[in-house]
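Peer 1: This is the structure alone, sequence omitted:
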């Protein structure tokens with residue numbers, strides 16, 4: 001069977017495609033740090049995260065003998081109808097849960113759901129498996145305590161870039177630990193699913209420093225806890241995959257979509273035209289459409305639990 005990628009594109013009005021193309025033509029593409037020194041400088045140059053209103057509630061949660069800090073946003077207009085576990089991106093070595101406060105506050109109120117964002121440890125100071133350990137801890141805490149803490153056991157999970165990778169790894173860990181029914185959906189935005197450089201998709205990012213920082217001392221990076229595309233993917237919750245047609249990770253997302261589908265899971269792939277990595281954070285109409293689509297999908301998943 002043959003198909004063209006353009007047949008998988010989300011139907012976007014032509015004027016929005018033109019506007020996105022003009023925006024990216026005028027924009028200097030960013031790139032991540034490529035050395036430890038550049039990472040240090042990038043961290044130092046970061047401005048303080050913008051606060052949300054109302055602000056996040058900071059808690060330390062515990063599960064299976066491990067503890068991790070989280071930031072909690074409850075909807076302001078009434079009880080939570082579900083809980084969304086957010087895992088931030090940043091190449092496993094940048095950013096923080098606090099940097100997503102404004103967006104997570106908006107999500108909590110738009111979805112009428114509690115949003116819990118996990119402050120996982122960053123590489124290279126804390127390489128794999130520190131980050132997935134922390135994300136698993138937050139997820140297991142929700143599985144065990146969401147009903148008592150938020151009044152609902154309707155759970156969803158998601159993240160962007162490295163956060164999407166960690167969300168997928170977290171789901172695999174939960175399934176293997178017997179908690180596969182805990183989460184009812186996963187919204188994964190432009191994740192990277194092969195850090196081994198053993199597939200064509202993985203080789204496209206093989207020289208990125210974030211891989212060295214995160215798993216540089218690991219000999220076999222095909223283990224699913226690092227590169228989920230190699231995992232046994234049966235028994236996972238419905239998954240939404242979002243990626244741009246101009247993203248270097250497009251092929252990686254196509255591969256994980258195919259493997260999820262072949263394993264019998266409910267998977268939806270949305271490819272947005274003229275959009276590079278991280279596009280949902282950019283000021284384009286396509287980005288706004290993608291964000292609204294993710295919100296609608298999460299709302300539907302919570303309603304069907």
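Peer 2: Nice, I can see it. All figures in this text were calculated on a predicted structure; none of them were measured in a lab.

Peer 1: Residue nearest the middle of the chain, spatially speaking?
Peer 2: Geometric centre of the chain, nearest residue: residue 159, 1.8 Å, by Cα atoms, centre = their mean.

Peer 1: which residues touch that one?
Peer 2: 86-89, 165-167, 188-189, 191 (Cβ atoms under 8 Å, 6 or more residues apart in numbering). Yep, even glycine has a C-beta here, placed from its N, CA and C like the rest.

Peer 1: try residue 263
Peer 2: With contact taken as Cβ under 8 Å, 6+ apart, residue 263 is in contact with 232-236.

Peer 1: one more time with 10 Å
Peer 2: 231-236 (Cβ atoms under 10 Å, 6 or more residues apart in numbering).

Peer 1: Same question for residue 178.
Peer 2: Applying Cβ under 10 Å, 6+ apart to residue 178 gives no contacts.

Peer 1: So for it, what pLDDT did the model give?
Peer 2: Residue-level confidence at residue 178 comes out at 82, pLDDT.

Peer 1: and the contacts of residue 159 as CSV, adding neighbour count, secondary structure and pLDDT?
Peer 2: CSV is the format used below for those (neighbours: other Cβ atoms under 10 Å; DSSP: H, G, I helix; E, B strand; the rest coil; pLDDT from 0 to 100):
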residue, neighbour count, secondary structure, pLDDT
86, 26, strand, 98
87, 32, strand, 98
88, 24, coil, 98
89, 24, coil, 98
165, 31, helix, 98
166, 26, helix, 98
167, 29, helix, 98
188, 31, strand, 98
189, 27, strand, 98
191, 28, coil, 98
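
Peer 1: now, which of the residues you listed sits nearest residue 283?
Peer 2: Nearest to residue 283 among those: residue 189, at 16.7 Å, using Cβ to Cβ.

Peer 1: so residue 117, which of the three states?
Peer 2: Classification of residue 117 using DSSP: H, G, I helix; E, B strand; the rest coil returns strand.

Peer 1: Can you give me the neighbour number for it?
Peer 2: Using other Cβ atoms under 10 Å, residue 117 has 28 other residues around it.

Peer 1: What of residue 31?
Peer 2: Residue 31 has 9 neighbours, counted by other Cβ under 10 Å.

Peer 1: Can you verify my assumption that it contacts residue 207?
Peer 2: No - assessed by Cβ atoms under 10 Å, residue 31 is found out of contact with residue 207, at 11.7 Å.

Peer 1: Helices of the stretch 51-200 of the chain, start to end?
Peer 2: Along the stretch 51-200 of the chain, counting by DSSP state H, counting those that start in this stretch, helices occupy 101-111, 130-150, 162-176, 200-203.

Peer 1: and the angle from the longest one to helix 162-176?
Peer 2: Same thing as helix 130-150. 70 degrees (axes from the mean of the first three to the mean of the last three Cα atoms, to 10 degrees).

Peer 1: Over helix 130-150, what's the mean pLDDT, rounded is fine.
Peer 2: 98.

Peer 1: Equivalent analysis for stretch 12-32, please.
Peer 2: Here stretch 12-32 scores 93 as its mean pLDDT.

Peer 1: Where does pLDDT dip in the chain?
Peer 2: 1-6, 180, 304-305 (pLDDT under 70).

Peer 1: residues contacting the closest residue to residue 35 other than its chain neighbours?
Peer 2: Nearest residue to residue 35, sequence neighbours excluded (Cβ to Cβ, 6 or more residues apart in numbering): residue 209, at 6.4 Å. Residue 209 sits next to 31-36, 38-39, 91, 93, 124, 216 when contact means Cβ under 10 Å, 6+ apart.

Peer 1: Of those, which belong to helices?
Peer 2: Of the positions in these, 36, 38-39 sit in helices, assigned by DSSP state H.
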